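[1] here is the input, now give the coordinates:
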Amino acid sequence: MLLLAASAVAQQHPVPLESNVTAAKCIECHENKAKGKAVHTVTGKGCLSCHEVRVAKDVTRVKLITRRRSNFA
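    Below you'll find the predicted structure:
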């Protein structure tokens with residue numbers, strides 16, 4: 001149960017982002033999620049379909065807002 005609660009916590013992003021950030025900005029640093037051998041399958045929907053970006057003062061936090069469904073479900 002604690003593992004599920006921990007995954008819902010927003011993690012501090014290493015670089016500041018604007019509150020109106022786009023998926024294109026995400027891919028600038030996380031290009032490996034869209035290209036290569038192991039492509040993140042939901043990239044076509046855009047990063048912000050599963051992740052929430054929150055900016056307060058000069059701290060940016062990114063939170064997973066949806067759980068990925070297993071291919072075996």
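[2] next SSE after the worst-scoring helix or strand of the chain on mean pLDDT?
    Lowest on mean pLDDT, DSSP states H and E among the helices and strands of the chain sits helix 2-7, with a mean of 46. Moving toward the C-terminus from helix 2-7, the next helix or strand (DSSP states H and E) is strand 11-12.
[3] so for that following strand, what's the average pLDDT?
    Taken as a whole, strand 11-12 carries a mean pLDDT of 89.
[4] where along this protein do the strands fall?
    For the chain, applying DSSP state E gives strands covering 11-12, 51-56, 59-64.
[5] the inter-axis angle of the last one versus strand 51-56?
    Counting by axes from the mean of the first three to the mean of the last three Cα atoms, to 10 degrees, strand 59-64 lies at 160 degrees to strand 51-56.
[6] list the buried residues for strand 59-64?
    Neighbour-count burial for strand 59-64 flags Thr60, Val62 (criterion: 16 or more other Cβ atoms under 10 Å). In this view, the C-beta of every residue, glycine as well, is placed from N, C-alpha and C.
[7] helices or strands next to that strand in the packing?
    Secondary structure elements in contact with strand 59-64, counted by 3 or more Cβ pairs under 8 Å, 6 or more residues apart in numbering; DSSP states H and E, are strand 11-12, strand 51-56.
[8] any chance of the ones you listed in TSV, with mean neighbour count too?
    TSV is the format used below for these (neighbours: other Cβ atoms under 10 Å):
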stretch	mean neighbour count
strand 11-12	10
strand 51-56	14
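[9] give me the neighbour count for Val9.
    Using other Cβ atoms under 10 Å, the number of residues around Val9 comes to 9.
[10] how about it, what does it touch?
    Lys63 (Cβ atoms under 8 Å, 6 or more residues apart in numbering).
[11] quick one: the residue nearest the centre of the chain and Lys37, what's the gap?
    Closest to where the C-alpha atoms of the chain average out (Cα atoms, centre = their mean) is His51, at 4.0 Å. Between His51 and Lys37 the distance is 22 Å, computed by Cβ to Cβ, to the nearest Å.
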